[in-house]
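Colleague: Show me the folded form of this:
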Amino acid sequence: MPNTFKTFLKLHKVSLLLVVLSIMFYYTFAYHLVRTDFVKLLTLFIALFLLCFKLIQFEKWNVKYLLAVGIIFRLIFLFTEPTLSQDFYRFIWDGHLVAKSINPYLHTPNEIIANMATMIPNANELYNGMGTLSAKHYSNYPPLNQLIFGLAALIGGKSMFASLVVMRSTIILADIGIFYFGRKLLKNLNKSPQLIFWYFLNPLVIIELTGNLHFEGVMLFFFILSIFLLSLKKWTWAAIILACSISIKLVPILFLPLFLPYLRWKKSSVFYILIAATSFLLFLPFYTPEFIANYTKTLSLWFSNFEFNASIYNIVKQVAIQFEAKPWEFIKTYGKITPALTIITVLLFTFLPKRKDLNQLIASMMWVLTIYYFISTTIHPWYSIFLVLLAIFTSYKYAIIWSAAIVLSYFAYSQTDFKENLWLLSIEYISVYGFIIYEIVAHNNKK
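Modeller: Numbering: from 1, shown residues only. Below you'll find the model as predicted:
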């Protein structure tokens, strides 16, 4: 055995043990877990977060080592179906429509299964897998996301497995891109580049993005690349790339006003025009007179119909019920208020902060997204991943705490009616709110 290898084993024997244990737990998660087994799910999550913390603690200066470890953890999921999400059925369904030049925004799966099912490989399996809720609505995934679905369906053909591998490979490559440009951006902002490992090795990131095939990772790749380009003063390219991020998931739209005080009026005008033009070109292949109505109708459901893992909404709803409000009517009323509160929040963070540098811009994004999530009716676990990435560029770490505590919301997956446990949600949000208050107080005391 070469001396260098012996030395490596001697120096890294503890971290190698942590890696082996993590691989065993990720493998169990990927291949031997059903989402109804909440105790097993919770135990694996807690163990993986503890192992992640210790790995970063022991090896944070060993960049190549932790990069390789993070990639290995992701590759464990490469050949398995998602454990905690059924969204991938709709991804493949939409992908086959795109591959056959059928507009996914114009036909619901219910319509297609009744009239054109023979056009889609594995149509019945995909239709049954996506569930009745998804099947009765038009697609809500933006155009660049649809093109990825189409590419996966085109390469995968009649094999659902092959399509899954293509999509998962895309997400893994996006995460590697986030690692690369995230480190560069941290250096440009005079922050420790090792902070990127709190994203790259975070179990929630690995399980929800690579494991469960959520495309937030691809959105975040374009987003972090855009901010990196801004740090180099290449704001025209940053605008185009940011439009690509929006065309994967719409969340970055929230941040558009925040660029105004950073770029000033003249540059920001061109910046917004470039974003609008790029977005228009990406949406153009799917545009029809019915498109806007269908797409808007589907998006509005998130404000007025769906609820999951909510924070302030659950408190307000419980109070409203005491005054004999009907829950199905209350959520529609609340859903009309949420957009207004979000707009007010964005405007406050646009014009109130005194500093207008890139650090302040990212911090404002973090707080805007945090407040938006706190007042929302639906917060799926993978939503918090955006906050995790933003937080590593600030002095606040509550998003990392939330990425661990949010596992408690998975309890609903163990119930046949997906009924939530409000006590568990209380523990989740008490820990998050408590840590935010602690960090704000600590931050103010340092001034």
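Colleague: My read is that L9 contacts L16, right?
Modeller: Yes. Taking contacts as Cβ atoms under 8 Å, L9 lies within contact range of L16: 7.0 Å. C-beta coordinates here come from the backbone N, C-alpha and C atoms, glycine included.
Colleague: So for those two, which sits in the more crowded spot?
Modeller: The neighbour comparison of L9 against L16 (other Cβ atoms under 10 Å) goes to L16, with 15 against 11.
Colleague: where's that one, which helix or strand?
Modeller: helix 13-31 (DSSP states H and E).
Colleague: and the next helix or strand along the chain from that helix, what does it pack onto?
Modeller: Sequence order places helix 38-59 as the next helix or strand after helix 13-31, per DSSP H and E. Counting contacts by 3 or more Cβ pairs under 8 Å, 6 or more residues apart in numbering; DSSP states H and E, helix 38-59 is packed against helix 13-31, helix 63-75, helix 203-205, helix 398-405.
Colleague: now the second one, how far from the chain's geometric center?
Modeller: Mean-position distance between helix 63-75 and its chain equals 20 Å (Cα atoms, centre = their mean, to the nearest Å).
Colleague: Could I get the buried residue list for that helix?
Modeller: Buried residues in helix 63-75, counted by 16 or more other Cβ atoms under 10 Å: 65-67, 69-70, 73-74.
Colleague: Return the member of the residues you listed nearest to V407.
Modeller: For the buried residues of helix 63-75, the minimum distance to V407 (Cβ to Cβ) is 16.9 Å, reached by F73.
Colleague: From Q57, how far out is the closest one?
Modeller: Distance from F73 to Q57, counting by Cβ to Cβ, to the nearest Å: 17 Å.
Colleague: now do T338
Modeller: Distance check for T338 against Q57: by Cβ to Cβ, it reads 39 Å.
Colleague: Who has more neighbours out of these two?
Modeller: The residue with more neighbours, out of T338 and Q57, is T338; 18 against 10, by other Cβ under 10 Å.
Colleague: part of a helix, is that one?
Modeller: Yes. According to DSSP: H, G, I helix; E, B strand; the rest coil, T338 belongs to a helix.
Colleague: I figured it hits T377, correct?
Modeller: Yes. Assessed by Cβ under 8 Å, T338 is found in contact with T377 at 7.3 Å.
Colleague: For the stretch 151-300 of the chain, which segments are assigned as helices?
Modeller: In the stretch 151-300 of the chain, the helices defined using DSSP state H, counting those that start in this stretch lie at 160-188, 197-200, 203-205, 216-231, 235-246, 259-283, 291-304.
Colleague: if we compare the ones you listed, which one ends up closest to L369?
Modeller: Here helix 216-231 is closest among the helices of the stretch 151-300 of the chain (Cβ to Cβ), at 11.3 Å.
Colleague: what helices or strands is that closest one leaning on?
Modeller: Secondary-structure packing of helix 216-231 (3+ Cβ pairs under 8 Å, 6+ apart): helix 160-188, helix 235-246, helix 358-375, helix 384-391.
Colleague: Point out the most buried one among those.
Modeller: helix 384-391 (a mean of 24; mean count of other Cβ atoms under 10 Å).
Colleague: Same list (the helices and strands packed on helix 38-59) but as JSON lines, adding distance to V432 and mean pLDDT.
Modeller: Shown next, in JSON lines, are these (distance: least, Cβ to Cβ, whole Å; pLDDT from 0 to 100):
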{"stretch": "helix 13-31", "distance to V432": "23", "mean pLDDT": "94"}
{"stretch": "helix 63-75", "distance to V432": "25", "mean pLDDT": "96"}
{"stretch": "helix 203-205", "distance to V432": "14", "mean pLDDT": "98"}
{"stretch": "helix 398-405", "distance to V432": "5", "mean pLDDT": "96"}
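Colleague: closest to L256 out of those helices?
Modeller: In terms of Cβ to Cβ, the element of the helices and strands packed on helix 38-59 nearest to L256 is helix 398-405, at 21.3 Å.
Colleague: ok, how many other residues are close to W61?
Modeller: A count of nearby residues for W61, using other Cβ under 10 Å, gives 9.
Colleague: isn't it right up against Q194?
Modeller: Yes. The pair formed by W61 and Q194 meets the contact definition of Cβ under 8 Å, at 6.7 Å.
Colleague: tell me the domain boundaries of the protein?
Modeller: Split into domains by the TED database, the chain comes to 13-76, 86-193+202-283, 306-446.
Colleague: With distance to I292 as new columns, can those be given to me in CSV?
Modeller: Listed next are the domains of the chain as CSV, based on distance: least, Cβ to Cβ, whole Å:
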stretch, distance to I292
domain 13-76, 35
domain 86-193+202-283, 9
domain 306-446, 17
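Colleague: Can you say which of these is packed in most?
Modeller: When the domains of the chain are compared using mean count of other Cβ under 10 Å, domain 86-193+202-283 is most buried, at a mean of 19.
Colleague: What residues does K158 make contact with?
Modeller: 121-122 (Cβ atoms under 8 Å, 6 or more residues apart in numbering).
Colleague: separation between it and L348?
Modeller: Look at K158 and L348: by Cβ to Cβ, they are 52 Å apart.
Colleague: same thing with N309?
Modeller: Separation of N309 from L348 (Cβ to Cβ): 25 Å.
Colleague: now do V218
Modeller: 30 Å.
Colleague: can you state the direction angle for the strand or helix carrying I148 and helix 235-246?
Modeller: Assigned by DSSP H and E, I148 belongs to helix 143-156. On the basis of axes from the mean of the first three to the mean of the last three Cα atoms, to 10 degrees, helix 143-156 is oriented at 60 degrees to helix 235-246.
Colleague: ok, back up a step: quick one, which of the helices of the stretch 151-300 of the chain gets closest to Y373.
Modeller: With Cβ to Cβ, the closest approach to Y373 among the helices of the stretch 151-300 of the chain belongs to helix 291-304: 12.3 Å.
Colleague: Let me see the mean pLDDT of that closest one.
Modeller: Average pLDDT, helix 291-304: 74.
Colleague: same for the following helix or strand past that helix, what does it pack against?
Modeller: Note on helix 291-304: by DSSP H and E, the next helix or strand toward the C-terminus is helix 312-322. Under the contact definition 3+ Cβ pairs under 8 Å, 6+ apart, helix 312-322 sits against helix 327-351, helix 358-375.
Colleague: and if we set it to 10 Å?
Modeller: Using 3 or more Cβ pairs under 10 Å, 6 or more residues apart in numbering; DSSP states H and E, the elements in contact with helix 312-322 are helix 327-351, helix 358-375, helix 422-446.
Colleague: Distance of the spatially most central residue of the chain relative to S22?
Modeller: Most central in the chain under Cα atoms, centre = their mean is E216, positioned 3.7 Å from the mean C-alpha point. Per Cβ to Cβ, E216 is found 22 Å from S22.
Colleague: for G157, same thing?
Modeller: Distance of G157 to S22, computed by Cβ to Cβ: 34 Å.
Colleague: cool, V14 as well?
Modeller: Distance from V14 to S22, counting by Cβ to Cβ: 13 Å.
Colleague: what touches both of the two?
Modeller: Contact criterion Cβ atoms under 10 Å, 6 or more residues apart in numbering; residues shared by V14 and S22: 54-55.
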